[in-house]
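Visitor: Only the shape, not the letters, is given here:
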């Protein structure tokens, strides 16, 4: 039975898949020359600026640097609770 | 037609730049091309021992760029393959003893007489790297299928792009097919997808490389060596032949072959 389960085992957790995933993540930042610390301070500044005009859901806010091939794009998803007037 | 200047680079050390330079250079010479191999790793000279030419060095790269000797005096002619020449690195100087402009001037002169000028780049991204890529028409990026080598290769690719070295090709070294099958090593496809660079060659992990380096006789000249065959394939591709990438299924057992058929 053991060899049958080996035969069709789920391979999503193999060490090579872990390697590929870790590499993809680290390269997104390498390629844009942006560290995780820099992303955090960017996020804080964004919150500070936007909060002057709108009330936002800070916990649900997402700021990501996405790379495809050799270019990168900054995407921010910021849920607005209320517009300040 | 003027010769082509190719830099062999990697970022990370110990992934097989020097071995790759020696094998591709010798492979081209075996096919009758006139080749100069330049060891740009100043202070850590190694291409000479890999080629078995260490006892014949008189002048070196720095003597040439400082014009204390003629190019022809510094070039060591291989006695086995007479179209192969080595320009050795200086062993006792600093890496900044050569400037990028001097490399360009040297390579422009060599282009007139040789079909290929292969530059063995030092590890790292500082001075030595900048010198080595200054004159390059093409870059061969050598990596092994592990996270640190691939990450460094990615960095090198970015730097080559910034320096406008347009033609970049990937050589994946030390692939262990049985580990790839187990899911314990990134496959050629994985590495190629991550780096997004055209593939030039896949070299299996092969003990004959160590034996051939011990002897100073690159594996490319050994018809029985699998790594040597992989290097011969790269040389053929460089010369414009369409050669399929080597199958790495050679050590599959009968049972594994059946399993593959079923799982597919």
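Guide: Here it is on my side, so go on. The model shown is predicted, which means the values in this text are computed figures rather than measured ones.
Visitor: As a check, name the ranges of all strands in the chain.
Guide: The chain I'm using is chain A. Assigned by DSSP state E, chain A shows strands spanning A:54-56, A:62-68, A:71-77, A:80-83.
Visitor: that's the wrong chain, I meant chain B
Guide: According to DSSP E, the strands that chain B contains are B:4-9, B:35-39, B:76-77, B:84-87, B:116-120, B:138-143, B:167-175, B:198-204.
Visitor: Tell me which of these is the most buried.
Guide: Looking across the strands of chain B with neighbours counted as mean count of other CB atoms under 10 Å in any protein chain shown, the highest average goes to strand B:35-39: a mean of 28. For glycine as for every other residue, the C-beta is placed from the backbone atoms N, C-alpha and C.
Visitor: By proximity to chain A, which residue of chain B wins?
Guide: residue B:183 (2.9 Å; CB to the nearest CB).
Visitor: Tally up the residues packed near that residue, please.
Guide: By the criterion of other CB atoms under 10 Å in any protein chain shown, residue B:183 has 17 neighbours.
Visitor: same check, this time on the one 3 residues further on
Guide: In terms of burial, residue B:186 registers 27 neighbours under the definition other CB under 10 Å.
Visitor: ok, now which ones touch it?
Guide: Residues in contact with residue B:186, defined by CB atoms under 8 Å, 6 or more residues apart in numbering or on different chains, are A:16, A:19-20, B:145-146, B:150, B:180.
Visitor: Next: residue B:147.
Guide: Residue B:147 sits in contact with A:19, A:22-23, A:26, where contact means CB under 8 Å, 6+ apart.
Visitor: Would you mind finding the most buried of the strands of chain A?
Guide: Note that of the strands of chain A, strand A:54-56 is the most buried (mean count of other CB under 10 Å), with a mean of 14.
Visitor: Residues of the stretch 151-264 of chain B that sit close to chain A?
Guide: Proximity of the stretch 151-264 of chain B to chain A, by CB under 8 Å from any CB of the partner chain, involves residues B:151, B:154-155, B:158, B:161, B:180, B:182-187, B:190, B:194, B:196, B:259, B:262-263.
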